[in-house]
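Peer 1: Show me the folded form of this:
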Amino acid sequence: TDGPLKGRGSFTNRASRFSAWQSEVFDDGWDSAEPPPQRLPTRILDDPSRSVVSWNTSPDIPFDRSVNPYKGCEHGCPYCYARPTHAYLDMSPGLDFETRVLAKRDAPALLRRTLAQRGYTPAPMALGANTDPYQPAERRLGITRGVLEVLAEARHPVVIVTKSALVERDLDILAEMAGRNLVSVHLSITTLDRDLGRRMEPRAAAPQRRLRTLTALTEAGIPAGVLFAPVIPALNDAEMESVLAQSSDAGAVSAAYVLLRLPREVEGLFT
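Peer 2: As a prediction, the model looks like this:
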């Protein structure tokens, strides 16, 4: 398809840059082409990864380890910098990224194995650095909650980034960890304009709902911050002050921003 689908952020499902074959739909004059679907269901696939902690040595990133319970993200944000990673799975960074989500069902067990290794030294674990740990599939699968249970048991620090109000489900674990100064949660709030939000983040929580989540986290004693990201010139940059002000009123104690970047296929998808 090369047009909008209800509830999806991408207009296309062009093949991975690594694919040996590329296809293109065209009208052959016989009226034989099937009309494009109006909706695409989400398929949850099993991820066969044998490890779950990703390490980095980048001086530009404030953590050196992360866990991503899912590959792909149903939120469907067209600006998402993680989209090109689906090409490594021989899937499209377009619609495949948001409709073919790989779930790491063994993530809690794999994480426990890593933390138990001799010589492992704890440092803040980033949860959701690539794709959202609280995307819709998490409501049913509970992988992120399982990861948090392992981290809480090990008294291991964690930093969470999400666009979802589903994080409130885990207030019991997060509040206990916060009591030991082991957790902080950062809500990504890109706009307060509901219409713009629906187009930029079609399956994420509404902006005002995320503000209420900030309040719920704060009232539970969990350090909460706001991430204004990405900053998109001429689209949402003028909202920065209002987003920060309302987030502060909702209880946020910290704020950060990230400028829009469009690596590889993301440029065409975003445009």
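Peer 1: Based on its surroundings, how many neighbours for residue 262?
Peer 2: Per other CB atoms under 10 Å, the neighbour tally for residue 262 reads 16. Yep, even glycine has a C-beta here, placed from its N, CA and C like the rest.
Peer 1: mind listing the strands for the chain?
Peer 2: Assigned by DSSP state E, the chain shows strands spanning 43-46, 53-55, 65-67, 70-71, 100-103, 125-127, 158-162, 183-188, 224-231, 254-259.
Peer 1: Which of the helices and strands in the chain ranks last by mean pLDDT?
Peer 2: Lowest on mean pLDDT, DSSP states H and E among the helices and strands of the chain sits helix 266-270, with a mean of 85.
Peer 1: Only the C-alpha atoms, please, for that one, written as CSV.
Peer 2: The C-alpha coordinates for helix 266-270 follow below in CSV (Å, rounded to 0.1, in the frame of the first residue of the first chain):
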residue,chain,number,x,y,z
VAL,A,266,13.2,6.6,8.4
GLU,A,267,13.7,9.7,6.2
GLY,A,268,11.4,8.4,3.5
LEU,A,269,8.8,7.0,5.9
PHE,A,270,8.6,10.2,7.9
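Peer 1: so where is the stretch 151-271 of the chain shaky, pLDDT-wise?
Peer 2: For the stretch 151-271 of the chain, not a single residue meets the criterion pLDDT under 70.
Peer 1: Please enumerate the helices of it.
Peer 2: 171-178, 194-200, 207-219, 240-250, 266-270 (DSSP state H, counting those that start in this stretch).
Peer 1: Next: the stretch 1-150 of the chain.
Peer 2: Ranges of helices within the stretch 1-150 of the chain are 95-99, 107-115, 137-141, 143-154, based on DSSP H, counting those that start in this stretch.
Peer 1: any chance of the ones you listed in TSV, with mean neighbour count and distance to residue 238 too?
Peer 2: TSV is the format used below for the helices of the stretch 1-150 of the chain (neighbours: other CB atoms under 10 Å; distance: least, CB to CB, whole Å):
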stretch	mean neighbour count	distance to residue 238
helix 95-99	26	27
helix 107-115	18	39
helix 137-141	17	33
helix 143-154	20	33
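Peer 1: Now distance to residue 228 too, for these, in CSV please.
Peer 2: Listed next are the helices of the stretch 1-150 of the chain as CSV, based on distance: least, CB to CB, whole Å:
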stretch, distance to residue 228
helix 95-99, 22
helix 107-115, 29
helix 137-141, 24
helix 143-154, 23
